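Colleague: need a 3D model of the following:
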Amino acid sequence: MFQKLFNDDNDDRGQVGIGTLIVFIAMVLVAAIAAGVLVNTAGFLQATAEEAGQESVNKVTNRVEVINTHGTVGSNEDIANITMTVRLAAGSSSVDMNSTSIKYLSGDTVQTLTNASESVSDDGQNDGTDTKFRLTKVTDDDGSFGVLNGASDRYEVTIDTVKIEPKSGGLDTGEQVRLEITSRTGGTTQVLLTMPQQLAGKNPGEPVKL
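Modeller: Numbering: from 1, shown residues only. Got it, this is the predicted structure:
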């Protein structure tokens, strides 16, 4: 009834040769190398993503906030300088004003300003030039003037428009100026200021709200 499936001849048996073993070992080694490459690539991509994410967070959070602004009347019925009071933006870590730049853009001029940190005077302020802004301490509890590192720190940033503008005098009435304050980590604060339409009754040196 039953068909005999196997031959009883002991000479017919399966054998594993050395070539088959070598191929098997080679396949295992290739699989291990491929797995190692995938693990290393995944780790590199994760580290890169974390770094890019942190840089993106810094660009959003590590910046200053402008609380108020005012100008000073010049001798030619213009605005001789612009003063901004700044503090840390909400959620921001320390911002070093010595490595912060301000892009100044008016109808006639574009200029990048940096902190005049090399010319700090005895009254705690820096002298502004055509490429530098002046930094003045308002409040600084820990004596780290130049670095905003506390919620109560307040500095005044003054831009000398008479020295920056190519024409005689500063900014004329009605003119607009755009300021972009960029910290070392890339956090940017934009400010658009419009000069008063008229300065009637104002004397040189008096402040005006912008």
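Colleague: how about the strands in the protein?
Modeller: Per DSSP state E, the chain carries strands over the ranges 64-73, 79-88, 95-96, 101-106, 110-115, 132-139, 147-148, 154-160, 176-182, 188-194, 207-209.
Colleague: same question for the third one, mean pLDDT?
Modeller: The reference is to strand 95-96. Taken as a whole, strand 95-96 has an average pLDDT of 92.
Colleague: got it, and the fourth one?
Modeller: Strand 101-106 shows a mean pLDDT of 95.
Colleague: and stretch 22-32, how far from the chain's centre?
Modeller: Using Cα atoms, centre = their mean, to the nearest Å, the mean C-alpha position of stretch 22-32 is found 50 Å from that of the whole chain.
Colleague: could you dump that stretch to PDB, C-alpha only?
Modeller: In PDB, the C-alpha atoms belonging to stretch 22-32 read as follows (Å, rounded to 0.1, in the frame of the first residue of the first chain):
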ATOM      1  CA  ILE A  22      31.800  30.600   3.400                       C
ATOM      2  CA  VAL A  23      28.800  31.900   1.600                       C
ATOM      3  CA  PHE A  24      26.700  31.700   4.800                       C
ATOM      4  CA  ILE A  25      29.400  33.500   6.800                       C
ATOM      5  CA  ALA A  26      29.700  36.200   4.100                       C
ATOM      6  CA  MET A  27      25.900  36.800   4.200                       C
ATOM      7  CA  VAL A  28      26.000  37.200   8.000                       C
ATOM      8  CA  LEU A  29      28.900  39.700   7.800                       C
ATOM      9  CA  VAL A  30      27.200  41.700   5.100                       C
ATOM     10  CA  ALA A  31      24.000  41.900   7.100                       C
ATOM     11  CA  ALA A  32      25.900  43.000  10.200                       C
END
